[in-house]
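What follows is a predicted protein model with its sequence.
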Amino acid sequence: FFQAEDGIRDYKVTGVQTCALPISAEDALWQWAFLVLGPIVLGSVLVAPFAKPLLRRWRSSLARQRAIQDVKYRLSELDPAFRWPDFEARVRRGTTLLFQAWSDGQLENARHVVSSGVYQRFRIQCRLLADVDGIRNRLADFRVLDIHPERLDVENGYETLHLRIQAELRDVNVPVNADGVTTAKALAAAPVTTFEEIHAYTRRRGATTRPGTDPIERHDCPNCGARASFSHASVRCEHCDTEFNSGEADWVLTEITQAVEWNPEGSETGPALPEGMSRQILEDKAAALFWRALAGAATLRVPSTLSPYLADGAADDPEDLYGPAAGTHAIPVVGGLELRDLFERDGVRWALLDVRWSSRRVQPNPDTAPQNRPSVLTMALPCDETDLRSQRFSDASDCGTCGAPVTDRHEPTCPYCGATRTVHIADWRLFRIV
């Protein structure tokens, strides 16, 4: 080998060392640290802005998985026969049935899987779309993509399971008189959209899963297990008198909230409730009253069909009674409904609920675009008029004999079984909306 001009030759070195003096151990250590650790430090500096969001997402995902497992564990503790895969499959079928009933405009087909409030909401909303807007909302290719539990509330004798539902569908608004060919073409041209909602399922505490029963498609009674023969809007088992959608013997869908409107801390921040009173039941009954009020407001008066649902002292003037809901509204959408306050005064229980909704007013004073209309609904229940069904998800206006719902005409007799209806409804009734 050739020796460098200022280098040092050593027999252990196979090349030329170009340093005039020997390299000390300390210098070698610093060089090693720079060569090895330098890229790591530089990479950390460059990656840090991207790593933090990924780390937060990973921690959030881990926390969510722990929360999901915690809910499933609590459910199995409350009900040893509960199996999440079976319940998830049931929710998928029930949700599909409900959305198909909505598309067909036949809400009675899904009444046994939803509470009275949810049923009235969809039924009246369908009718308002047809009467006010002259349209029907038709769906196709509906599919549930994912279901996972968000929260389990156990309060005053009821269990409420909040589920995050992710689904996709095609939907179009078509004229009410559109034929099948026109509707099919419109749906085929519509894009597939994905959405998320929070569905609340509630049942009375102590109710347990009955393995092998199918209350959705076979109409097996959740209480006695017998197969019910109802084929109309009645949802009562003729063998044990259990109402399928009362929440007394099995889970029932009691609330649907847009994911962006859902308040997971609602049950913790709301008012304390007396023993035996459920927050979910109050919100369910308020939802039914609100939609009945919207239907009445569309007539620009207080119709006689709404009178049985009005509390003593409620205003006769539509503007005072309906407040921001007064008038005819196009495509009203309720994002969420939440209990604000509950108190008792002069022998009457009063409940105030926040309603987050939007619509485009058609008359009077028409809007050019949909407007947000946050409102407060007040409802009342005399303490001496409490009916058993006012403490359940059943509607006290339903037929007491067969359980069929009251129609818009509010006939004096049940159109299904002929039983005489009571004129006075011993249930929560509307006082006003502001």
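Alright, I've got the coordinates.

Okay, now the unreliable bits of the stretch 301-434 of the chain?
385-391, 394-397, 400, 403, 406-411, 421-424 (pLDDT under 70).

do the stretch 151-300 of the chain as well
When residues are selected by pLDDT under 70, those of the stretch 151-300 of the chain lie in 230-234, 266-269.

hang on, Arg349 in a helix?
No: using DSSP: H, G, I helix; E, B strand; the rest coil, the assignment for Arg349 is strand, not a helix.

Disregarding flanking residues, what is the spatial nearest neighbour of it?
Leaving aside its sequence neighbours, Arg349 sits nearest to Leu381 (C-beta to C-beta, 6 or more residues apart in numbering; 4.7 Å). C-beta here means a position set from N, CA and C on the backbone, and glycine is covered the same way.

Give me the neighbour count for Leu107.
Using other C-beta atoms under 10 Å as the criterion, Leu107 is surrounded by 23 other residues.

Which helix or which strand is home to His199?
strand 193-204 (DSSP states H and E).

which secondary structure elements does the top strand by length along the chain contact?
Scanning the chain for the strand with the most residues, using DSSP state E, yields strand 135-155. Here strand 135-155 is seen to pack against helix 25-78, helix 84-104, strand 158-175, helix 180-189, helix 279-297 when contacts are counted using 3 or more C-beta pairs under 8 Å, 6 or more residues apart in numbering; DSSP states H and E.

between the ones you listed, which one is nearest to Ser116?
Of all the helices and strands packed on strand 135-155, it is helix 279-297 that lies closest to Ser116, at 5.8 Å by C-beta to C-beta.

ok, and for the helix or strand following that closest one, which residues are buried?
Using DSSP H and E, the helix or strand that follows helix 279-297 in sequence is helix 318-322. Neighbour-count burial for helix 318-322, counted by 16 or more other C-beta atoms under 10 Å, picks out Pro318, Leu321, Tyr322.

Ok, stretch 418-434 next?
Using 16+ other C-beta under 10 Å as the test for burial, stretch 418-434 gives Arg421, Ile425, Ala426, Asp427, Trp428, Arg429, Leu430, Phe431, Arg432, Ile433.

of those residues, closest to Phe195?
Using C-beta to C-beta, these come closest to Phe195 at Ile433, 27.5 Å.

leaving aside the residues next to it on the chain, what's closest to Met277?
Asn156 (5.7 Å).

Quick check: which element contains Pro80?
Using DSSP H and E, no helix or strand contains Pro80.

residues near it, how many?
Pro80: 10 neighbours (other C-beta under 10 Å).

From what I see, Ala419 and Thr413 are in contact.
Yes: in this structure Ala419 lies within contact range of Thr413 using C-beta atoms under 8 Å: 6.6 Å.

Does Pro412 touch Cys399 like I think?
No: using C-beta under 8 Å, Pro412 is not in contact with Cys399, being 11.7 Å away.

Tell me if the residue nearest to Arg349 really is in a strand.
Yes: the assignment for Leu381, made by three-state DSSP, places it in a strand.

doesn't Phe431 make contact with it?
No: Leu381 is not in contact with Phe431 according to C-beta under 8 Å; the separation is 10.2 Å.

Please tell me how far the most centrally placed residue in the chain sits from His162.
For the chain, the residue nearest the mean C-alpha position is Ile256 (2.4 Å; C-alpha atoms, centre = their mean). Going from Ile256 to His162 by C-beta to C-beta, to the nearest Å gives 11 Å.

before we move on, what about Met379?
Noted for Met379: a distance of 23 Å to His162, by C-beta to C-beta.

Looking at those two, which is more packed in?
More crowded of Met379 and His162, by other C-beta under 10 Å: Met379, with 25 against 21.

And the residue lying closest to that one once chain neighbours are set aside, its phi and psi?
Excluding the flanking residues, the one nearest Met379 by C-beta to C-beta, 6+ apart is Trp428, at 4.7 Å. Dihedral pair for Trp428: phi -60, psi 130, per degrees, to the nearest 10.

contacting residues for Trp428?
Taking C-beta atoms under 8 Å, 6 or more residues apart in numbering as the criterion, Trp428 is in contact with Leu282, Lys285, Ala286, Leu289, Ala351, Met379, Ala380, Leu381, Ser390.

Quick one: those as CSV, columns for distance to Glu338 too.
Formatted as CSV, the contacts of Trp428 follow (distance: C-beta to C-beta, whole Å):
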residue, distance to Glu338
Leu282, 10
Lys285, 14
Ala286, 9
Leu289, 15
Ala351, 11
Met379, 14
Ala380, 18
Leu381, 18
Ser390, 20
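
what's the neighbour count on Asp312?
Considering only other C-beta under 10 Å, Asp312 is surrounded by 10 other residues.

Correct me if wrong: it contacts Ala380.
Yes: counting by C-beta under 8 Å, Asp312 touches Ala380, with 7.5 Å between them.

I'd guessed Gln120 sits against Ala293; true?
No: Gln120 lies out of contact with Ala293 (C-beta under 8 Å); the separation is 11.1 Å.

on that earlier part again, separation between the residue nearest to Arg349 and Ala311?
Remark: distance between Leu381 and Ala311 (C-beta to C-beta) = 8 Å.

Residues that sit against both of these two, list them.
Common neighbours of Leu381 and Ala311 (C-beta under 8 Å, 6+ apart) are Arg429.

higher neighbour count, those two?
Legend: neighbour count by other C-beta under 10 Å for Leu381 and Ala311, higher for Leu381 (23 against 18).

What are the neighbouring residues in contact with Trp102?
With C-beta under 8 Å, 6+ apart, Trp102 has these contacts: Ala110, Phe122, Cys126, Asn137, Leu139.

now with 7 Å?
Phe122 (C-beta atoms under 7 Å, 6 or more residues apart in numbering).
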